[in-house]
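**Student:** Show me how the following folds:
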Amino acid sequence: MALPHPDASATTINCAVITVSDTRVAETDKSGQLIHELLLGANHAVTAYVIIKDEPTFIQAEIEKLKERTDVDAVILNGGTGIAPRDTTYDAIEKLLEKTLPGFGEIFRFLSYQEIGSRAIASRAIAGTYQGKLIFSLPGSSNAVRLGMEKLILPEIVHLVGQIHKF
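**Tutor:** Numbers count the residues shown, from 1 in each chain. Now for the predicted structure:
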């Protein structure tokens, strides 16, 4: 598929990876590791990585810390996007976003539907901007992470960060 406009493909985007989970640790965080690998494979940098509990105040506090960092252009979260009582990532992120990218969640669910069927409706994947940072929130499954990263985030991250910073 052709891109609608050329991007500065040699541009490296500095990313923070946040895994939201009550049970994962670094050794068992397959989705966080996958995001890390895919970013590095696309010549981007991972300048921060953390695993936090699925608590809205923890999620928002981490975003607040990252917004101050000059070495973070984009934040990619995974986990906590479903509808279970402990899934609070969407609620925490949605309240912070200054501009949303509705197409991200819509297209993610469409692509997910093609893979898993109607269960895709339970995903509350979301993206937008906050304080000059691009924020993506993906489900915690490795299949969902791969889908979102390969089909949406990696193809557009340089362009979107460029729009925020106008480089």
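**Student:** Now for residue 42, how many residues are close by?
**Tutor:** Using other CB atoms under 10 Å, residue 42 has 17 neighbouring residues. To be clear about C-beta, it is placed using only N, CA and C from the backbone, and glycine gets the same treatment.
**Student:** So it is in contact with residue 155, correct?
**Tutor:** No: when contacts are counted by CB atoms under 8 Å, residue 42 is not listed as touching residue 155 (9.4 Å).
**Student:** What ranges in the chain fall below the confidence cut-off?
**Tutor:** Scanning the chain for pLDDT under 70 picks out the ranges 1-9, 167.
**Student:** Give me the longest helix you can find in it.
**Tutor:** Ranked by number of residues, the top helix in the chain under DSSP state H is helix 102-116.
**Student:** ok, residue 136 touching residue 153?
**Tutor:** Yes: if you go by CB under 8 Å, residue 136 and residue 153 touch, sitting 5.6 Å apart.
**Student:** overlap in contacts of these two?
**Tutor:** Counting by CB atoms under 8 Å, 6 or more residues apart in numbering, the common neighbours of residue 136 and residue 153 are residue 76.
**Student:** what's the closest non-adjacent residue to residue 157?
**Tutor:** Once flanking residues are discounted, residue 157 sits nearest to residue 13: 5.2 Å by CB to CB, 6 or more residues apart in numbering.
**Student:** what about the one you found, distance to residue 164?
**Tutor:** To residue 164, residue 13 is 11 Å away according to CB to CB, to the nearest Å.
**Student:** Touching both of those two, which residues are there?
**Tutor:** residue 73.
**Student:** So between those two, which is more surrounded?
**Tutor:** Remark: of residue 13 and residue 164, residue 13 carries more neighbours, 21 against 14, as counted by other CB under 10 Å.
**Student:** residues in contact with that one?
**Tutor:** By CB under 8 Å, 6+ apart, residue 13 lies in contact with 39, 44-45, 73-74, 157-158, 161.
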